[in-house]
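**Q** After the sequence you'll find the predicted model.
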Amino acid sequence: MTKIASHPKLYESRGAHVQGNATKFQVYAPHAQKVSLVLTAYGKQEHKIDMQSQAGGVWEVTTPHAKPGRSYLYEVVDSHGKKMLRTDPFSFSTTDAPRTDQVHSVVVDPSSYQWGDDSWMDQRAKKDPLHSPLSIYEVQVKSWKSGYNSPLNFRELADELVSYCHKMHFTHVECYSLLEHMYKEARGYQVANFFAPYHSCGSYDDLKYFVDKLHQNGIGVILDWIPTHFQHYHDARSYSASLHEWDGTDLFAAEKSEWGTRYLDYGKEETRRLMFASALYFLDQLHIDGIRFDAISQMVRRNGKNIGAGISFLRELNDTIHAHYPGVMTIAEETEGFPNVTIATKKGGLGFDLKWNIRWSHASHNFLQTPYSERAAHWKSKISHFLRVGKQKQILTHSHDDTDAGDYSNSKVLMQRVSHIKDAGERFAHLRNFFSWQILAPSYGHLIHMGDELAQNESWYQRFRRGTSSVDWSLTKKAEHQGVQECVKDLNALYVNRPQFWEKGNQDFTLIAEHAANGVVAYHRGTKDGKRIAVVHNFSNVGYESYDIPLPKTREKIKRVSELFNSDALKYEGSGSFENRDIKIVRHHRTKKPTHLRVSLPPLSTLVLEETVTSS
């Protein structure tokens with residue numbers, strides 16, 4: 001398979017590029033009979049200029065009539081003689097065409113926006129993202145604060161998100177529905193263009209402002225990128241915003257996908273170049289800090305067979321990003337158990353930094369639905385398995401997929417998963433405990449989908465499809481929902497401010513107690529500056545006024561122990577009945593060495609303890 005190295009940044013030549021007082025347009029259409037540039041204004045054609053066919057299937061034209069801000073289309077006479085208006089596959093910005101149902105490409109000036117994030121970019125290059133805090137807030141950009149009919153502009157969204165992420169102590173925002181797609185009612189995963197931001201949320205410069213604003217306020221930005229499939233249907237007989245049959249042939253496409261789209265064909269060199277350029281474009285031009293690769297399972301293996309072209313593409317792209325963009329993360333969503341996703345390519349892996357731990361998501365959500373009397377029987381597969389740290393570098397996710405049942409129901413919402421519990425207070429305690437388990441357990445970070453930090457009763461997608469904000473912000477005025485939000489806020493702050501949770505990834509972890517019959521597990525998350533962190537989870541509905549947590553035999557001496565966090569606290573609308581103001585250190589009667597910590601352990605709760613230790 002040909003490598004991309006000779007053309008890694010195809011966006012520098014394809015598309016519309018301002019050159020002094022003129023603009024050069026270049027598009028790839030090797031089988032087209034004719035291609036013309038159509039300059040538009042207010043949805044109507046103003047000029048049509050024939051393009052010249054060049055070597056290698058490229059069509060070009062340079063004109064002084066297309067200044068930055070000018071909208072345009074291509075008129076393509078394809079290999080079958082069919083004439084159609086098309087958006088530019090390398091559109092860097094798009095806009096609604098008035099009085100039509102069309103979106104048109106827009107000429108941009110890449111030098112018009114002045115970045116102010118030099119400090120962030122310099123620091124990012126010096127940091128290892130695998131040994132830094134990673135607390136991700138997953139956001140659909142067009143529905144977080146308003147419905148899809150009137151989404152916030154990227155600039156408005158930036159200001160709102162900065163305030164909220166600071167309040168909630170999220171370190172990164174992961175944005176989906178950011179890539180250009182045609183239908184406002186869509187989730188945003190049937191991509192029409194792999195360079196332009198979603199037109200209803202703003203322009204190229206608006207998106208730059210969004211990233212810049214977050215960076216200047218210490219928040220990273222992760223792009224939810226869709227490299228597996230694309231929108232394959234045309235919007236009308238004479239107009240299309242899709243890549244599908246761009247010159248009358250399957251220029252980029254493989255077979256139909258399980259989502260009603262077309263798979264991208266990575267056996268085709270132009271597909272590889274297009275998508276390679278897309279990824280690097282967002283890193284170079286838009287300062288993105290990480291790329292989450294959607295649905296790579298179907299990119300590397302379909303119908304029981306490995307796809308060599310997809311595998312080689314991912315390996316080369318990961319190697320290129322790691323070689324030239326220090327501090328940038330690549331994150332895989334892989335759902336089928338493909339091996340060695342986060343192993344280096346030189347060792348036979350795909351080379352991703354991180355992957356979503358889909359097994360943890362499924363197991364943890366299923367555990368919420370498991371009756372108390374059956375939990376011991378499911379303990380090994382739902383809890384114990386995830387206390388064994390493996391070679392894969394994974395983050396624990398509660399994502400948009402985890403609350404969207406796909407059948408227009410609310411069956412996957414967290415509150416529905418605990419609906420078998422009759423007592424409302426217990427249900428909320430369960431969810432506070434769930435987020436504690438997610439944020440504190442051994443991993444390389446965590447991701448929480450918008451609205452779930454409020455324990456909302458309705459799926460984000462049910463709200464979205466009605467045209468309202470996907471987040472039910474009214475819940476911030478309801479005590480028990482606000483209690484879950486406050487709990488997540490404090491958990492994030494605890495996680496971010498204590499390197500024991502992230503400085504050594506998931507390696508700084510020692511299991512100290514596992515009592516499946518009681519539903520209790522405890523572990524250490526490392527020591528920093530004489531402070532060792534202990535975490536205790538109680539997954540049962542039984543509380544203990546006095547519960548002994550065994551301590552490992554070490555050379556360290558424990559001077560005192562204090563409680564840093566209790567998910568049952570009154571401030572979270574918990575009972576507040578199980579307090580640990582004075583935690584007893586139980587010592588051996590002869591050696592006086594510590595053997596146990598004696599704690600008050602609420603039902604359905606998590607405790608975080610700080611042990612002050614000294615070397616013996």
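**A** Done, it's in. Model, not experiment: these values are computed from the prediction. Residues are numbered from 1 along each chain as shown.

**Q** what bits of the stretch 1-150 of the chain have low per-residue confidence?
**A** Counting by pLDDT under 70, the stretch 1-150 of the chain shows low-confidence ranges at 1-7.

**Q** just the chain next, same as before
**A** Within the chain, the stretches falling below the threshold (pLDDT under 70) are 1-7, 616.

**Q** Kindly report the domain assignment for it.
**A** With automatic domain parsing as the criterion, the domains of the chain are listed as 10-106, 129-501, 510-615.

**Q** how about those, which one is nearest Trp115?
**A** Comparison of the domains of the chain against Trp115 by CB to CB identifies domain 129-501 as nearest, at 5.7 Å. (Glycine included, C-beta is placed from N, CA and C.)

**Q** ok, how many other residues are close to Leu251?
**A** Here the neighbour count serves as a burial measure; for Leu251 (other CB atoms under 10 Å) it reads 22.

**Q** got a list of what Gln54 touches?
**A** When contacts are counted by CB atoms under 8 Å, 6 or more residues apart in numbering, Gln54 is found next to Glu60.

**Q** that older thread, deepest in the core, which of the domains of the chain is it.
**A** Most buried of the domains of the chain, by mean neighbour count (mean count of other CB atoms under 10 Å): domain 129-501, with a mean of 20.

**Q** mind listing what Glu160 touches?
**A** By CB under 8 Å, 6+ apart, the contact list for Glu160 reads Trp144, Lys145, Leu152.

**Q** same check, this time on Glu563
**A** When contacts are counted by CB under 8 Å, 6+ apart, Glu563 is found next to Asn580, Arg581, Ile583, Leu607, Val608, Leu609, Glu610.

**Q** Surely the last one is within a strand?
**A** Yes - the assignment for Glu610 by DSSP: H, G, I helix; E, B strand; the rest coil puts it in a strand.

**Q** Can you verify my assumption that Ser577 contacts Pro602?
**A** Yes - counting by CB atoms under 8 Å, a contact exists between Ser577 and Pro602, whose distance comes to 7.0 Å.

**Q** quick one: common contacting residues for those two?
**A** Applying CB under 8 Å, 6+ apart, one finds that Ser577 and Pro602 are jointly contacted by Gly543, Asp568.

**Q** So the residue most central in space within the chain: helix, strand or coil?
**A** Geometric centre of the chain, nearest residue: Glu174, 4.1 Å, by CA atoms, centre = their mean. Glu174 falls in the strand class when you classify it by three-state DSSP.

**Q** Could you give the bridge partners of it?
**A** For Glu174, the beta-bridge partners under DSSP bridges are Glu138, Ile222.

**Q** ok, now how distant is it from Asp404?
**A** Plainly put, Glu174 is 16 Å away from Asp404 if you go by CB to CB, to the nearest Å.

**Q** Skipping its backbone neighbours, what lies nearest Tyr544 in space?
**A** Closest residue to Tyr544 apart from its sequence neighbours, by CB to CB, 6 or more residues apart in numbering: Leu601 at 4.4 Å.

**Q** Check whether that neighbour really touches Glu579, as I assumed.
**A** No - with contact defined as CB under 8 Å, Leu601 does not count as touching Glu579 (11.2 Å).

**Q** What is the nearest of the contacts of Glu160 to Thr40?
**A** Leu152 (26.5 Å).

**Q** Next, give phi and psi for the closest one.
**A** Main-chain torsions, Leu152, degrees, to the nearest 10: phi -60, psi 140.

**Q** need the contact list for it.
**A** Under the criterion of CB under 8 Å, 6+ apart, the contact list for Leu152 reads Trp144, Lys145, Ser146, Glu160, Cys201.

**Q** Please repeat the previous calculation with a cut-off of 10 Å.
**A** Residues near Leu152 by CB atoms under 10 Å, 6 or more residues apart in numbering: 141-146, 158-161, 200-202, 469.

**Q** could I get those as a markdown table with secondary structure?
**A** Formatted as a markdown table, the entries for the contacts of Leu152 read as follows, by three-state DSSP:
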| residue | secondary structure |
| --- | --- |
| Val141 | coil |
| Lys142 | coil |
| Ser143 | coil |
| Trp144 | coil |
| Lys145 | coil |
| Ser146 | coil |
| Ala158 | helix |
| Asp159 | helix |
| Glu160 | helix |
| Leu161 | helix |
| Ser200 | helix |
| Cys201 | helix |
| Gly202 | coil |
| Ser469 | coil |
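
**Q** any idea which helix or strand carries Ala493?
**A** Using DSSP states H and E, the element containing Ala493 is helix 479-497.

**Q** counting contacts, what elements does that helix pack onto?
**A** Taking 3 or more CB pairs under 10 Å, 6 or more residues apart in numbering; DSSP states H and E as the contact definition, the neighbouring helices and strands of helix 479-497 are strand 135-140, helix 154-168, helix 414-417, helix 424-440, strand 446-449, strand 556-566, strand 605-615.

**Q** give me that answer again for 6 Å
**A** Under the contact definition 3 or more CB pairs under 6 Å, 6 or more residues apart in numbering; DSSP states H and E, helix 479-497 sits against helix 424-440.

**Q** Against which helices or strands is the helix it packs on packed?
**A** Using 3+ CB pairs under 6 Å, 6+ apart, helix 424-440 sits against helix 479-497, strand 605-615.

**Q** 7 Å instead?
**A** Helix 424-440 is packed against helix 358-369, helix 414-417, helix 479-497, strand 531-538, strand 605-615, with contacts defined by 3 or more CB pairs under 7 Å, 6 or more residues apart in numbering; DSSP states H and E.

**Q** Specify the next element, helix or strand, located C-terminal of the first one.
**A** Towards the C-terminus, the helix or strand next in line after helix 358-369, according to DSSP H and E, is helix 375-382.
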